[in-house]
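Novice: turn this into a structure:
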Amino acid sequence: MRLPFLLTMILILSFGIDGQNPIEETHPFKQIDDLLPTPNVYRAASGAPGPSYWQQQADYEMDIVLDDENQRIYGEQTVTYYNNSPHPLSYLWLQLDQNRRAKDSDSYKIQTSRVNEETRLVRLMNMDPWFDGGFKLDYVKDNQGADLDYTVNKTMMRIDLEEPLQPGKSYSFQVKWWYNINDRMKIGGRSGLEYFPEDDNYLYTIAQFFPRMCVYDDINGWQHKQFLGRGEFAVPFGNYEVKITAPADHLVSATGTLENAKSILPKEKVDLLEKAKSEYTTPIIIYSEEEAEKREETKVKDTKTWHFSAENVRDFAFASSRKFIWDAMAIDINDKTVLAMSMYPKEGNPLWEKYSTKAVAHTLKWYSHYTIDYPYPVAWSINAARIGMEYPMICFNYGRPADDGTYPPRTKYGMIGVIIHEVGHNFFPMIINSDERQWTWMDEGLNTFVQYLTEQQWERNYPSRRGPAHKITYYMGGDKDNISPIMTNSESIFQFGNNAYGKPATALNILRETIMGRELFDHAFKTYSERWKFKHPSPADFFRTMEDASAVDLDWFWRGWFYTNQHVDIAIDEVEIFKLEKETAEEYAEALKQEATVPNISMLRYESQKEKMYAEIDTSLVDFYTGNNAPRFDAEDEEAYNAFLDNLSEEQLDFLEEEHYYYNITFENKGGLVMPIILRFDYADGTEEIRRIPAEIWKMGRDKVTKAFETSKQVEQIELDPFYETADTERDNNYFPPQTTPSRFELFEKQSQRGENPMQRARRLN
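Specialist: Take a look at the predicted model:
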């Protein structure tokens, strides 16, 4: 479409002008004040802890015995609970997580199931719980040895106090307990044992193994939502003194610092540990694979006690086995030396000796860069089959090669990725201590996001599973009946991995790369991490801090991405093209004449009809213009035309001399989730240009908006979201002229893990 330059000013003044719809209550740019708790003296409107913020503390002294003969664990503990709240407490609540494995556990009762004629016998036999799990409580006493009144409600225990625990006071009590350790390979679990029949040995990864204090805070009071298996944990900070008695030929790793290394380890091993503190490039082997193989063969009956202490941690876990190899290296965190260490069986090599400890060190470096300096003295990675689970200073990670030592890329990158992820959990939620039982995304989502950043620093084009926007589109564009908003309780989430890990990680990556920019985002994210380290943040604290530290209004983003299950599908609905040309008076007159003679189907048919028109019947209607009514451009018009040109400034005349194309582009929001509009213009001369429009363009038209774009070159193609950065679920409507994205056919099945991996194939061919 041609655009006479006389209309130029009208066009320029009308950029962005569209019909307006009244703003409704569900408008995507409505502020989220109604969704967040009211700020108070405990939690400020800025997202920072308020002047009266408080939190509780629980210290533990424990003596633990690992019974390798009977696969049991025994414990005696003294808990000292500090009431830093302004409230008197007449009872205390503890978590009994192992009761999830009790035969009468609700976690079994609520599992849906169905049998048919093809159901296997082993499944029929396991429909009813057969494993005798759960805590066996010997006693609950006060510090004077008197029995305390207590009530066990499934995975929670209430201790009733004789007198209320007053603000500013502490209370100590004792619990003695034991339980049977579950076989993770048979019945699953974050904690448990793995049996190796070829050498008749066990590898123990032990966690949630002791009665733990619940969180009591200003948001929920007691957080004692039952543990059903998926929603993880809400645990207060405290100090731990733990003695673990295990077979004398076991190696034990745990949360905290090993206090009695000189009394339980040979001098040469203590020396190697000391040497590792100054080795920053290559892990030092403390106990070798050869030594581990000897221990597997020559089991001993004696025991040894390992003493660990940890300050200001929210939990405690440990691992123990005679199969362990042990290596260690140092990592410098802002002039503080931290020991990165791994323990793994021979079945983990060569992968674990090559990658594990270096992955730990790499993770501590980059998480410290993006969040806070890692504050603890050690960080462990422990190899355990089919698991990835985290605790303060220690985590359990899967990943083993084939028997011949080869491995496919999925195994290598899966192992590195899970180590980064689980070590990263030291930051979220072990230090920045969110409520996992309620909001899984606050630890898994934030952690998966920083995991993605850390993986990309490992090697160029690292194959990250989650983070880039295009990896979440299939999920977000799916059946809405099977998609939960991110702000959904852990136990009620559909598609748990996509919802709690993938979508929030993608959302944060989009915020960083597309909405806020790296500088603003990184400052705000680090501010959140610093504000809430060793504290209990809520979703509102995160949302408010990200805005407070960046001066970017993100309410529309939180509302759409976190409180709805809408998806992104922005389409190029219509494009109008105009070209601005400077014309002489004669050219303009000719253009008017041509416009008047444009074929018109109605007029053509009227001209051909035999019936006479009224003016042909009544000739008195004929005048000067009859049959001669095309637009004219006479001398008076030419004079006005020239006068208009004379009144233009040099800048305006120069503007008319240049080529100008105008594209009215109408965008349709088909998915409901508003996002920025990113366009790439590919020009006829082979160049390209990127235009970025903030999401606020949708404020006055959530369904459709039109914007005019001026270019100095002719456009050959326009592409919406050219870098796949907004999680747009449908790309076929992202082009002008329209084009269809071809579907990719799978020409062969993906190689099974059981088949020949690339390393094996290379060996065979060579």
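
Novice: contacts, neighbours, all on C-alpha from now
Specialist: Will do.

Novice: following the chain onward from the worst-scoring helix or strand of the chain on mean pLDDT, which element is next?
Specialist: Least confident helix or strand of the chain, by mean pLDDT, DSSP states H and E, is helix 8-13 with a mean of 36. Sequence-wise, the next helix or strand downstream of helix 8-13 (DSSP states H and E) is strand 57-67.

Novice: packing partners of that next one?
Specialist: strand 72-82, strand 238-247 (3 or more C-alpha pairs under 8 Å, 6 or more residues apart in numbering; DSSP states H and E).

Novice: any chance of the ones you listed in CSV, plus distance to Gln166?
Specialist: Converted to CSV, the helices and strands packed on strand 57-67 look like this (distance: least, C-alpha to C-alpha, whole Å):
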stretch, distance to Gln166
strand 72-82, 10
strand 238-247, 19
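
Novice: kindly check the end-to-end length of stretch 44-64 for me.
Specialist: Terminal residues of stretch 44-64 lie 42 Å apart, using C-alpha to C-alpha, to the nearest Å.

Novice: for that stretch, buried residues please.
Specialist: Under the neighbour-count criterion of 16 or more other C-alpha atoms under 10 Å, stretch 44-64 has 44-49, 53-64 buried.

Novice: can you check stretch 544-556 too?
Specialist: Of the residues in stretch 544-556, those buried (16+ other C-alpha under 10 Å) are 544-550, 553-556.

Novice: one more: stretch 186-200?
Specialist: So for stretch 186-200, counting by 16+ other C-alpha under 10 Å, buried means 189-194.

Novice: stretch 101-111 too?
Specialist: In stretch 101-111, counting by 16+ other C-alpha under 10 Å, buried: 101-108.

Novice: quick one: closest of the helices and strands packed on strand 57-67 to Phe427.
Specialist: strand 238-247 (16.3 Å; C-alpha to C-alpha).

Novice: report the strands that pair with the closest one, each with its relative direction.
Specialist: strand 57-67 (parallel), strand 303-313 (antiparallel) (DSSP bridges).

Novice: any idea which helix or strand comes after it?
Specialist: strand 251-254.

Novice: show me how far that following strand is from its chain's centre.
Specialist: 31 Å (C-alpha atoms, centre = their mean, to the nearest Å).

Novice: next, Phe557: phi, psi?
Specialist: phi -70, psi -50 (degrees, to the nearest 10).

Novice: is it true that Thr506 touches Ile472?
Specialist: Yes: look at Thr506 against Ile472 with C-alpha atoms under 8 Å: they come within range, at 7.2 Å.

Novice: when those two are compared, which one has more neighbours?
Specialist: Thr506 (28 against 25; other C-alpha atoms under 10 Å).

Novice: now do the nearest residue to that one once chain neighbours are set aside against Ser52, distance only.
Specialist: Leaving aside its sequence neighbours, Thr506 sits nearest to Gly467 (C-alpha to C-alpha, 6 or more residues apart in numbering; 4.6 Å). For Gly467, the distance to Ser52 equals 37 Å [C-alpha to C-alpha].

Novice: phi first, then psi, for Glu297.
Specialist: According to degrees, to the nearest 10, Glu297 has phi -90, psi -30.

Novice: tell me the helix or strand right after the helix or strand that contains Asp682.
Specialist: Element membership for Asp682, per DSSP H and E: strand 677-683. The helix or strand immediately downstream of strand 677-683 is strand 688-693, counting by DSSP H and E.

Novice: including pLDDT, secondary structure and distance to Tyr374, could the buried residues of stretch 101-111 go into CSV?
Specialist: CSV is the format used below for the buried residues of stretch 101-111 (pLDDT from 0 to 100; DSSP: H, G, I helix; E, B strand; the rest coil; distance: C-alpha to C-alpha, whole Å):
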residue, pLDDT, secondary structure, distance to Tyr374
Arg101, 88, helix, 34
Ala102, 82, coil, 37
Lys103, 76, coil, 40
Asp104, 77, coil, 41
Ser105, 77, coil, 38
Asp106, 76, helix, 38
Ser107, 73, helix, 36
Tyr108, 73, helix, 39
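
Novice: can you redo the strands paired with strand 238-247 as TSV with mean pLDDT and distance to Tyr344?
Specialist: Shown next, in TSV, are the strands paired with strand 238-247 (pLDDT from 0 to 100; distance: least, C-alpha to C-alpha, whole Å):
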stretch	mean pLDDT	distance to Tyr344
strand 57-67	98	19
strand 303-313	98	18
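
Novice: looking at those strands, which is nearest to Glu436?
Specialist: strand 303-313 (15.6 Å).

Novice: then the closest one to PDB, C-alphas only?
Specialist: What follows is strand 303-313 as a C-alpha-only set of coordinates in PDB (Å, rounded to 0.1, in the frame of the first residue of the first chain):
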ATOM      1  CA  THR A 303      33.700 -50.700  65.200                       C
ATOM      2  CA  LYS A 304      35.000 -47.200  65.100                       C
ATOM      3  CA  THR A 305      33.300 -43.900  66.100                       C
ATOM      4  CA  TRP A 306      33.500 -40.800  63.900                       C
ATOM      5  CA  HIS A 307      32.800 -37.400  65.500                       C
ATOM      6  CA  PHE A 308      31.400 -34.600  63.400                       C
ATOM      7  CA  SER A 309      30.400 -31.100  64.400                       C
ATOM      8  CA  ALA A 310      28.500 -28.600  62.400                       C
ATOM      9  CA  GLU A 311      27.500 -25.000  63.200                       C
ATOM     10  CA  ASN A 312      24.400 -23.200  61.900                       C
ATOM     11  CA  VAL A 313      23.100 -25.900  59.700                       C
END
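
Novice: other residues contacting stretch 264-279?
Specialist: Identification of contacts with stretch 264-279 by C-alpha atoms under 8 Å, 6 or more residues apart in numbering yields 261-262, 283-287, 304-306, 328-330, 337-339.

Novice: for ChimeraX, write the select line for the buried members of these.
Specialist: With 16+ other C-alpha under 10 Å as the criterion, this ChimeraX line picks the buried residues out of the contacts of stretch 264-279:
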select :261,283,284,285,286,287,304,305,306,328,329,330,337,338,339
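
Novice: inside helices: which ones of the contacts of stretch 264-279?
Specialist: Taking DSSP state H, the ones among the contacts of stretch 264-279 that sit in helices are 261-262.

Novice: which of the contacts of stretch 264-279 sit farthest apart?
Specialist: Going by C-alpha to C-alpha, the pair spanning the contacts of stretch 264-279 furthest: Lys304 and Thr337, at 28.4 Å.

Novice: the closest residue in space to Ile73 that isn't next to it in sequence: neighbour count?
Specialist: Closest residue in space to Ile73, ignoring its immediate chain neighbours: Leu66 at 4.8 Å, by C-alpha to C-alpha, 6+ apart. Neighbour count of Leu66, defined by other C-alpha under 10 Å: 20.

Novice: one step back: show me the contact partners of the strand holding Asp682.
Specialist: 688-695, 713-722.

Novice: and for stretch 403-422?
Specialist: In contact with stretch 403-422 (C-alpha under 8 Å, 6+ apart) are residues 347, 349-351, 355-356, 359-360, 363, 381, 388-390, 395-401, 447-448, 451, 454-455, 463-464, 753, 757-760.

Novice: specify which member of the contacts of stretch 264-279 is nearest to Pro28.
Specialist: Nearest member of the contacts of stretch 264-279 to Pro28, counting by C-alpha to C-alpha, is Val338, at 46.0 Å.

Novice: Asn180 reaches Glu69, doesn't it?
Specialist: No: with contacts counted by C-alpha under 8 Å, Asn180 stays clear of Glu69, the gap being 11.5 Å.

Novice: look at these two and report which has more neighbours.
Specialist: Asn180 (20 against 9).

Novice: quick one, what contacts the more buried one?
Specialist: 71-73, 132-134.

Novice: CSV for the residues you listed, including distance to Pro375?
Specialist: Output for the contacts of Asn180, formatted as CSV (distance: C-alpha to C-alpha, whole Å):
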residue, distance to Pro375
Gln71, 34
Arg72, 33
Ile73, 30
Asp132, 39
Gly133, 36
Gly134, 34
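
Novice: from the residues you listed, list the buried ones, please.
Specialist: 71, 73, 133-134.
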